[in-house]
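Student: How does the following fold in three dimensions:
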Amino acid sequence: MQPGRKTGLSILFVICSIIAAHAEIRHADDFEGTFNPAGTNEVYDRWYKSGWYDDGYMEPTDEIPARSGSKCLKTVMVKHSPKSRTEIGVNLDQSMGHCWYGFSIYIPDDYTMSELGVSESERAVIAQWGIWEGNGGLPDFALRFSHNKFVITQERDTQDEITLWEGTLARGRWVDWIFHINWTRQSNGAFEAFRDGSKVFEVKDVQTTWGDGDDVKSKIGLYFAGWDNVSSQLSTVHCYYDNYTIASGEDEYDAVDPANDNTTGIAAKGQSGKNLHHDLHSFHRLMDDGHTDIHIRVFTANGRCFSPSHSLAGNGIYSSRSIPAHGRYFLAASNRNESTGVTHYLPVPYKNGIR
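Tutor: Here you go, the predicted structure:
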């Protein structure tokens, strides 16, 4: 789209066309704001606790440099019988079809798997996706790590765990992951995995879930079923997560990419449940200023953008002084359910800054 002034009617048409072409951001958290997962998994569109055995916990922290912003999510798993687990999950209703998942993970280099006392064949889970019900309580796909490898697996209750891909384990730095899954019980599904911006695995025309229902679960955190019955020098293991995003649509790579460290935003505050009409009006004024290249992104419920953080101006829009002259900037309209604290976003995309 070329820069230029638009009438109110034409800009509304353009924006509505863009929104129709892009699926929504289903879930997003940069762990900069309030973190309060539910105590039951019978909730939708928000984090819930899974496991948290003994003194295991997950909490935002600034004890290491975050992937972006000032905080990331620390995860601590405690050795426990019969299994060790500290995870959070989110249930998304009617989430079959194309879904994209993006996040960064930091596995410290201050402990080794040998210190855990486990063999090289043992692998700890660090992310999971699937429909557990009807599949023997197993995730359809998982990202794991072992002594020196990242491992992607697939599971069905009727067969042994399948290793789809293995790659060198990176420790002591952030690693960006993006997964694209076309959820289906037919043979027209797809699974793609990207590490640090490069595709490492792809399979098409396959069935991607054997579970019951249409509500896909997503989990991050540490889960190690084989740790409790071995002699170990350690009683806890930890790692860190940042910039977790889920989007639906056929091509939402950019929307979930945790490497987008230029996602400073022109944003409506999510916690106030801003009216879409007001946000469209704000976007209209920006378009009148001659900036028209379109993209898509979303903001957290407390009005913070992913990274880097800047203060919102009093009118709910970032001032030009707070925004670098390059990169992508995005407006997000929101509809907040005040009783549950959940914010659903209808992104109105915008790119390339303001003068």
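Student: quick one, phi psi at residue 254?
Tutor: For residue 254, the backbone dihedrals are phi -60, psi -30 (criterion: degrees, to the nearest 10).
Student: can you pull the pLDDT of the nearest residue to residue 88 once chain neighbours are set aside?
Tutor: Leaving aside its sequence neighbours, residue 88 sits nearest to residue 47 (CB to CB, 6 or more residues apart in numbering; 4.6 Å). In short, each C-beta sits where N, CA and C put it, glycine included. For residue 47, the pLDDT comes out at 96.
Student: Wait, residue 47 touches residue 34, no?
Tutor: No. Taking contacts as CB atoms under 8 Å, residue 47 lies outside contact range of residue 34: 10.8 Å.
Student: and these two? which has more neighbours close in?
Tutor: residue 47 (22 against 11; other CB atoms under 10 Å).
Student: what bridges to residue 240?
Tutor: residue 74, residue 106 (DSSP bridges).
Student: Spit out the contact partners of it.
Tutor: Residues in contact with residue 240 (CB atoms under 8 Å, 6 or more residues apart in numbering) are 61, 64, 72-75, 105-106, 108.
Student: Buried ones from the residues you listed, can you make that a ChimeraX selection?
Tutor: Remark: buried members of the contacts of residue 240, expressed as a ChimeraX selection using 16 or more other CB atoms under 10 Å:
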select :72,73,74,75,105,106
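Student: helices or strands next to the host helix or strand of residue 77 in the packing?
Tutor: Using DSSP states H and E, residue 77 falls within strand 72-78. Packing contacts for strand 72-78, counted by 3 or more CB pairs under 8 Å, 6 or more residues apart in numbering; DSSP states H and E, involve strand 57-61, strand 84-92, strand 216-224, strand 236-248.
Student: List just the one of those that sits closest to residue 148.
Tutor: strand 236-248 (15.7 Å; CB to CB).
Student: Average pLDDT for the closest one, rounded please.
Tutor: 95.
Student: and if you look at stretch 105-117?
Tutor: The model assigns stretch 105-117 a mean pLDDT of 87.
Student: And for stretch 201-221?
Tutor: Stretch 201-221 comes out at a mean pLDDT of 94.
Student: who's in contact with stretch 83-94?
Tutor: With CB under 8 Å, 6+ apart, stretch 83-94 has contacts from 26-27, 37, 41, 43-53, 56-58, 75-78, 128, 214-225, 227-228, 237, 246.
Student: where are the low-confidence patches of this structure?
Tutor: Across the chain, the ranges flagged by pLDDT under 70 are 1-24, 261-355.
Student: Quick check: the gap between residue 65 and residue 108.
Tutor: 13 Å (CB to CB, to the nearest Å).
Student: Walking through the stretch 51-200 of the chain, point out its strands one by one.
Tutor: 57-61, 72-78, 84-92, 97-106, 124-130, 141-145, 149-156, 159-168, 174-183, 189-195, 198-206 (DSSP state E, counting those that start in this stretch).
Student: Same list, these, but as TSV with distance to residue 250 please.
Tutor: As requested, these are exported to TSV (distance: least, CB to CB, whole Å):
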stretch	distance to residue 250
strand 57-61	32
strand 72-78	29
strand 84-92	17
strand 97-106	5
strand 124-130	18
strand 141-145	19
strand 149-156	21
strand 159-168	21
strand 174-183	8
strand 189-195	10
strand 198-206	13
